[in-house]
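Engineer: kindly generate the corresponding structure for this input.
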Amino acid sequence: MLKKQKTSNIVLDAAQQKWKKRPSEIRGYQRAYYINSEEGDYLRVDYNMKDKRVRLYMELEDEGGNAYYAVITNGKITAERSVATDRNFGFAEKFKARAEIFSTLPNREVLKLVNRNYGILRGREAPPEKKKIQKTGKEKLLEETKRRYFKREFYHGERAGEEGGRARLKRIVLFDLVDVLIGALISGSVFIYFKYSYMAMGVTAAFFGIIIGFVDMFFRGRPPVFMKVFLFLLAGAVSYIYGYLF
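Structural biologist: Residues are numbered from 1 along each chain as shown. I've put the predicted structure just below:
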């Protein structure tokens, strides 16, 4: 019996470690956990501790990526919907079939908000989040950057957004166009201010490209657009070399 319980705990720990955490881009939610199951399903849990609200979301591999979500507020199911058809009922069995995976979520407080709906249990007590990862600066920063910004789950998250993927994509492209215009304006202003110095303009453009990449990651909560960053770095290098030689 003890051996069976120990094996169960090891399996639970392995499942908990697969869940990844990131800020939620869905309005009304603070953060989100997401996981790709062994069956190929994409599961996600957005939550708001203050409003006691949880949003369960899943994309099912055996249905060609059909998406469903349910909202639980104050322990009660307040919404249940299919993203593709906009039907708003009749999907409880789909969530119940994946209750075991949802139950491995490594946050006991969020599981309390779920309140055992769809058969999702709280599992054994999870350690406080502050004690889970005790890593030093560089290691933690590198790991968090890989988890949050360079994975395909970001795009799944976009599809989960209530505004719709196309509308959000247009907004992202608009941000990038504005960034390019601002970078060109700043670089041009520096060029004129330093009496038509190509070297000063080159340094400014390259520096702006690096800064805008960090802005994308740490302030906008999305992967940096490398084409945009590369454009400024390349333009800066060409301008600097041209000013240096001529």
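
Engineer: pull out the buried residues from the helix or strand containing Asp176.
Structural biologist: Element membership of Asp176, judged by DSSP states H and E, is helix 165-193. Across helix 165-193, burial judged by 16 or more other C-beta atoms under 10 Å covers 168, 175, 179-180, 183, 187, 190-191. C-betas here are computed from N, CA, C, even on glycine.

Engineer: next: stretch 104-113.
Structural biologist: For stretch 104-113, by 16+ other C-beta under 10 Å, it's 104-107, 110-111, 113.

Engineer: so Asp46, which state does it fall into?
Structural biologist: Assigned by DSSP: H, G, I helix; E, B strand; the rest coil, the conformation of Asp46 is strand.

Engineer: what do you get for Ala79?
Structural biologist: Under three-state DSSP, Ala79 comes out as strand.

Engineer: list the contacts for the residue lying closest to Val190 once chain neighbours are set aside?
Structural biologist: Distances taken as C-beta to C-beta, 6 or more residues apart in numbering place Thr204 nearest to Val190, at 4.4 Å, with adjacent residues excluded. Thr204 makes contacts with 186-187, 190, 236, as judged by C-beta atoms under 8 Å, 6 or more residues apart in numbering.

Engineer: okay if I get those residues as CSV plus distance to Asn66 and pLDDT?
Structural biologist: Below are these laid out as CSV (distance: C-beta to C-beta, whole Å; pLDDT from 0 to 100):
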residue, distance to Asn66, pLDDT
Ile186, 46, 93
Ser187, 47, 90
Val190, 51, 92
Gly236, 46, 88
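
Engineer: and those residues as a markdown table, adding distance to Arg53?
Structural biologist: Output for the contacts of Thr204, formatted as a markdown table (distance: C-beta to C-beta, whole Å):
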| residue | distance to Arg53 |
| --- | --- |
| Ile186 | 41 |
| Ser187 | 45 |
| Val190 | 47 |
| Gly236 | 46 |
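
Engineer: nearest to Val45, of these?
Structural biologist: Ile186 (40.7 Å; C-beta to C-beta).

Engineer: quick one, domains of the chain?
Structural biologist: The chain resolves into domains spanning 17-133, 165-245 when parsed by automatic domain parsing.

Engineer: ok, of these, where does mean pLDDT dip lowest?
Structural biologist: If you rank the domains of the chain by mean pLDDT, domain 165-245 sits at the bottom with a mean of 83.

Engineer: and that domain, how far from the chain's centre?
Structural biologist: Taking C-alpha atoms, centre = their mean, to the nearest Å, the mean C-alpha location of domain 165-245 is offset from the chain mean by 24 Å.
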